[in-house]
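>>> Got a sequence here, can you model it:
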Amino acid sequence: MEKRKIKIVDTTLRDGSHAVSHSFTVEQATAIAGGLDKVGVSLIELSHGDGIAGSSINYGMSKVPEMELLSAASKVVKNAKLTVLLLPGIGTIEDLQEAKDNGAQAVRVATHVTEADIAIQHIKYAKSIGMMAVGFLMMSHMGSPEKIVEQAKIFEECGADYINLADSAGHMVPDDVRARISALKNSIGIPIGFHSHNNLGLSVANSVAAVEEGASYIDVTCRGLGAGAGNTQNEVLCAVLDRLGYDTGVDLYGIMDVAEEIVEPIMQRPQVVNTASLMLGYAGVYSSFLLHTYRAAEKFHLNPRDILVELGRRGMVGGQEDMIIDVAFELSQQKTR
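Numbering: from 1, shown residues only. Okay, here's the model as predicted:
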């Protein structure tokens with residue numbers, strides 16, 4: 001019986017950029033991209049952690065311009081698709097064209113789970129210039145299965161090649177994943193992918209649940225390098241999927257060696273589930289809330305964990321960081337009553 005094929009999307013050079021403070025050099029990028037390509041990874045994503053054009057004071061400056069990294073990586077990637085992430089509002093269509101000119105073959109256009117419509121023009125443009133285009137829904141734990149199907153259909157209708165759900169906060173448990181992936185599988189006609197964070201220690205389990213419900217593209221990083229507690233660990237997931245009888249097309253010993261010999265030496269800290277990461281996953285909030293929360297907790301003499309839980313309860317989204325101080329003030333007032 002032929003094994004079901006699962007495409008591995010390695011985002012060490014994008015989500016992993018957060019964990020190394022956007023400090024990848026040309027030598028590191030080419031070594032990682034070349035290694036991933038040789039062992040059979042299907043897509044290799046390379047961008048600033050917040051997508052192309054993310055290098056800024058707000059999001060963190062890249063040590064090397066990402067277009068320079070892309071150009072260098074494109075010279076060593078022979079089989080995989082070199083991919084970029086674009087967040088409308090940070091990256092523009094002009095940035096996308098520049099990425100294509102520097103070797104990008106695919107783009108994943110990422111929006112909040114309820115805002116797929118802001119990506120329509122970017123997906124259509126990518127298709128018009130011959131790129132693979134992916135609709136990427138972030139913070140998908142905040143959308144019901146019905147809402148996710150509604151948003152995915154927007155991507156499908158404008159020409160996306162597949163839909164990628166992202167558990168950006170690492171908040172979901174396997175049943176959450178199953179409900180969303182199965183709803184998509186029953187409602188749209190293009191492939192489905194899944195991106196997980198390990199803040200609750202469930203990224204591999206959630207990725208397997210996604211595969212079992214029909215996802216055929218799974219995001220990973222070597223050694224789990226990524227924001228928060230990191231992402232689904234490439235070499236671990238490939239081993240697990242092999243044991244379960246799936247075909248990733250990835251040389252297992254080879255990806256172990258890439259992780260151990262190329263990626264691990266450049267990691268700035270162990271990729272563990274510390275208290276901060278755990279609370280982001282438990283509360284279901286953006287990692288960008290963390291620093292603001294600690295500052296507000298200090299100002300109002302609160303436990304930062306109580307603020308994070310309240311932010312999650314209110315369903316606050318990226319861009320609302322300025323409201324954290326208001327929430328902390330309200331909690332402090334309740335505390336003194």
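
>>> So what's the gap between the helix or strand containing I154 and the chain middle?
Using DSSP states H and E, I154 sits in helix 145-157. What separates the centre of helix 145-157 from the centre of its chain is 19 Å, taken as Cα atoms, centre = their mean, to the nearest Å.

>>> Quick one: name whatever helix or strand follows it.
strand 162-167.

>>> I'd like the average pLDDT over that next one.
On average, the pLDDT along strand 162-167 is 97.

>>> Please apply the same query to stretch 58-67.
When pLDDT is averaged along stretch 58-67, the result is 90.

>>> Please point out which parts of it sit buried.
By 16 or more other Cβ atoms under 10 Å, the buried positions in stretch 58-67 come out as Y59, G60, S62, K63, V64, E66, M67. Where you see a C-beta, it was placed from the backbone N, CA and C, and this is true even at glycine.

>>> ditto for stretch 9-27
Neighbour counts over stretch 9-27 (16+ other Cβ under 10 Å) mark 9-20, 22, 24 as buried.

>>> Need those in a markdown table (columns: pLDDT and distance to Y125).
Compiled in a markdown table, the buried residues of stretch 9-27 are given as follows (pLDDT from 0 to 100; distance: Cβ to Cβ, whole Å):
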| residue | pLDDT | distance to Y125 |
| --- | --- | --- |
| V9 | 98 | 21 |
| D10 | 98 | 25 |
| T11 | 98 | 22 |
| T12 | 98 | 27 |
| L13 | 98 | 23 |
| R14 | 95 | 20 |
| D15 | 93 | 24 |
| G16 | 94 | 27 |
| S17 | 93 | 24 |
| H18 | 89 | 27 |
| A19 | 89 | 30 |
| V20 | 91 | 30 |
| H22 | 92 | 26 |
| F24 | 97 | 27 |
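
>>> Arrange those in TSV, one row each, with distance to E115 as further columns.
Output for the buried residues of stretch 9-27, formatted as TSV (distance: Cβ to Cβ, whole Å):
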residue	distance to E115
V9	22
D10	26
T11	21
T12	27
L13	26
R14	20
D15	20
G16	25
S17	23
H18	22
A19	26
V20	29
H22	25
F24	29
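
>>> which one of these sits closest to P88?
R14 (16.5 Å; Cβ to Cβ).

>>> ok, the closest one touching D50?
No: contact criterion Cβ atoms under 8 Å: R14 and D50 do not qualify, at 9.3 Å.
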